[in-house]
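Novice: heads up, no residue letters with this:
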């Protein structure tokens, strides 16, 4: 099996290995077979906002750093399966830290670096986070100092660690962990890399609503996304979507690992830096927040651009499909992706039978094996999902609620349909509301 099997064979989505494979296993698989392939690319302006060098990481180099970080994390004496927060911008450190937490036998918890102290306290308490990996500096902000204040308010947070420079006193220096030759030579038996503990993210960006998703569900979600996007090995995903939720993670890091591609993230948007990154002569799949579509219309885009991924969050209004050609992006290059909170992520290529506006209007058009993902509308018009790619569960007192993979997960969102196309996804009224439910059911 190659590291990019799901891209060339959609039927491979049926493979039972999806239920067990971990992200680290995908990294190591490509590192063994293609060690010099580019895995992660830091933006050129990274030293300006972080004080850290911009590095291009091969798969082999990334795998080595992940192993070193994982050895250091195992020395912290956390129980297996502990929740370890990641409060990092979209950079190579974020990806390496996530993979290292998994390799150490723990569960990464995605904490948006933009959250304030109160939000972070609520999140680490609700998810039962025992340690946090962060960064000393992000522009004028000091995330490591903020996490120290969080630890002072929540005693369950035992370890705060940060990438430098200028790591505060009392915070573990992760750069030293990587460079510690004693840790690198540690011969302790590692936790099995074959099974992933998954991730914890937060529904609708609410720190009080932690959601657990298994590693197999992450890989399956990325595989379903790649059926539409068709990212190939030796290509690049250039992402402006923050990796702190299902939308950013599936379209970025996980899609890159599943396809064997490289990933470049731009955590702090700068027009000149974006233009420089986009102009690099490498086959590129761009991922941007959906609201930026208008900014790309009429722009001179490079011939190396293979697709433009517009990453939306429900609720969302889709653009008018009747626009003149000079007022719209070329349909065959556009991938629409909609994240329904942390429940599911659905992608489709415009102008095809799997155009997302068609699929959400008539879910039977999805065309994926039902064991991977199925969609239906309930009697009130709301969209519901089931399958491996949608398997997730809310945490209650830090423990995921048991829920079978094939259970339907109903969202609060419904499509508005006109002429056979979903024109927008709205927050649907529940029964007894204003008559909307009947309109959805008959659409």
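Specialist: Nice, thanks for sending it over. Small disclaimer: the values here were computed from a predicted structure and weren't measured. Numbers count the residues shown, from 1 in each chain.

Novice: quick one: residue 207 from residue 283, how far?
Specialist: 38 Å (C-beta to C-beta, to the nearest Å). Where you see a C-beta, it was placed from the backbone N, CA and C, and this is true even at glycine.

Novice: More neighbours: those two, which one.
Specialist: residue 207 (20 against 16; other C-beta atoms under 10 Å).

Novice: Pretty sure the more buried one sits in a helix.
Specialist: No: Residue 207: not assigned to a helix; according to DSSP: H, G, I helix; E, B strand; the rest coil it is coil.

Novice: Please report how far it lies from residue 311.
Specialist: 22 Å.

Novice: Just list whatever residues bridge to residue 236.
Specialist: On the basis of DSSP bridges, residue 236 is bridged to residue 262, residue 284.

Novice: Please tell me I have it right and it contacts residue 265.
Specialist: No: look at residue 236 against residue 265 with C-beta atoms under 8 Å: they stay out of range, at 11.0 Å.

Novice: OK, contacts around residue 136?
Specialist: 51, 142-144, 162-168, 171 (C-beta atoms under 8 Å, 6 or more residues apart in numbering).

Novice: With residue 359 instead?
Specialist: Residue 359 neighbours (C-beta under 8 Å, 6+ apart): 346, 348, 365-366, 375, 422.

Novice: Now do the same for it: helix, strand or coil?
Specialist: helix.

Novice: ok, for it, nearest residue in space, not its chain neighbours?
Specialist: residue 365 (4.8 Å; C-beta to C-beta, 6 or more residues apart in numbering).

Novice: Could you pull up phi and psi at the one you found?
Specialist: Here is the backbone geometry of residue 365 (degrees, to the nearest 10): phi -80, psi -10.

Novice: residue contacts, it?
Specialist: 353-354, 358-359.

Novice: Residue 422 too?
Specialist: Residue 422 is in contact with 318, 356-361, 415-416, counting by C-beta under 8 Å, 6+ apart.

Novice: Give me the sheet partners of the helix or strand containing it and which way each runs.
Specialist: Residue 422 is located in strand 421-427, with elements delineated by DSSP states H and E. Sheet pairing for strand 421-427, assigned by DSSP bridges, gives strand 316-317 (antiparallel), strand 413-418 (antiparallel).

Novice: What subset of the contacts of residue 422 is buried?
Specialist: Among the contacts of residue 422, those classed as buried by 16 or more other C-beta atoms under 10 Å are 318, 356-361, 415-416.

Novice: so can I have a markdown table of the residues you listed showing pLDDT and distance to residue 224?
Specialist: Listed next are the buried ones among the contacts of residue 422 as a markdown table, based on pLDDT from 0 to 100; distance: C-beta to C-beta, whole Å:
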| residue | pLDDT | distance to residue 224 |
| --- | --- | --- |
| 318 | 89 | 20 |
| 356 | 94 | 12 |
| 357 | 94 | 17 |
| 358 | 95 | 16 |
| 359 | 96 | 12 |
| 360 | 96 | 14 |
| 361 | 95 | 19 |
| 415 | 96 | 19 |
| 416 | 95 | 24 |
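
Novice: could these be laid out in JSON lines, adding distance to residue 200?
Specialist: Formatted as JSON lines, the buried ones among the contacts of residue 422 follow (distance: C-beta to C-beta, whole Å):
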{"residue": "318", "distance to residue 200": "30"}
{"residue": "356", "distance to residue 200": "27"}
{"residue": "357", "distance to residue 200": "32"}
{"residue": "358", "distance to residue 200": "33"}
{"residue": "359", "distance to residue 200": "28"}
{"residue": "360", "distance to residue 200": "27"}
{"residue": "361", "distance to residue 200": "33"}
{"residue": "415", "distance to residue 200": "29"}
{"residue": "416", "distance to residue 200": "32"}
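
Novice: Where does the prediction get shaky in the stretch 151-300 of the chain?
Specialist: Residues of the stretch 151-300 of the chain meeting the criterion pLDDT under 70: 181-196.

Novice: residue boundaries of the helices in it?
Specialist: 174-179, 181-184, 215-229, 246-249, 255-259, 271-278, 293-296 (DSSP state H, counting those that start in this stretch).

Novice: follow-up on the earlier one: so how far is residue 422 from the residue nearest to residue 359?
Specialist: 11 Å.

Novice: same thing with residue 258?
Specialist: Relative to residue 422, and taking C-beta to C-beta, residue 258 is found at 27 Å.

Novice: Identify the bridge partners of residue 348.
Specialist: residue 336.

Novice: Please verify my assumption that it contacts residue 228.
Specialist: Yes: if you go by C-beta under 8 Å, residue 348 and residue 228 touch, sitting 5.4 Å apart.

Novice: Give the residues shared as contacts by these two.
Specialist: Common neighbours of residue 348 and residue 228 (C-beta under 8 Å, 6+ apart) are 335, 354.

Novice: neighbour count winner among those two?
Specialist: Neighbour count, other C-beta under 10 Å: between residue 348 and residue 228, residue 348 has more, with 26 against 22.

Novice: Now do the contacts for that one.
Specialist: So residue 348 contacts 228, 335-336, 354-359 (C-beta under 8 Å, 6+ apart).

Novice: neighbouring contacts of stretch 276-285?
Specialist: Under C-beta under 8 Å, 6+ apart, the answer for stretch 276-285 is 43-44, 229, 231-232, 234-238, 261-262, 264, 266, 286, 301-302, 304-307, 309.

Novice: Give me the buried entries from those residues.
Specialist: 43, 229, 231-232, 235-238, 261-262, 264, 266, 286, 301, 306-307, 309.

Novice: mind listing the strands in the stretch 101-250 of the chain by residue range?
Specialist: 107-110, 129-135, 159-163, 172-173, 199-202, 210-213, 236-239 (DSSP state E, counting those that start in this stretch).

Novice: Format these as a markdown table; extra columns: distance to residue 69.
Specialist: Formatted as a markdown table, the strands of the stretch 101-250 of the chain follow (distance: least, C-beta to C-beta, whole Å):
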| stretch | distance to residue 69 |
| --- | --- |
| strand 107-110 | 12 |
| strand 129-135 | 9 |
| strand 159-163 | 10 |
| strand 172-173 | 11 |
| strand 199-202 | 17 |
| strand 210-213 | 22 |
| strand 236-239 | 22 |
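
Novice: which one of the strands paired with strand 421-427 has the most crowded surroundings?
Specialist: strand 413-418 (a mean of 22; mean count of other C-beta atoms under 10 Å).

Novice: Contact partners for the residue positioned nearest the centre of the chain?
Specialist: With distances taken as C-alpha atoms, centre = their mean, residue 249 lies nearest the centre of the chain, 0.7 Å away. Counting by C-beta under 8 Å, 6+ apart, residue 249 touches 110, 199, 201, 218, 243.

Novice: same deal with residue 61?
Specialist: residue 39.

Novice: For the contacts of residue 365, which two are the farthest from each other?
Specialist: 353 and 359 (8.8 Å; C-beta to C-beta).

Novice: Start from the N-terminal end of the stretch 1-150 of the chain and give the helices.
Specialist: So, for the stretch 1-150 of the chain - with DSSP H, counting those that start in this stretch - the helices run 5-8, 23-33, 46-50, 59-74, 92-103, 117-127, 143-153.
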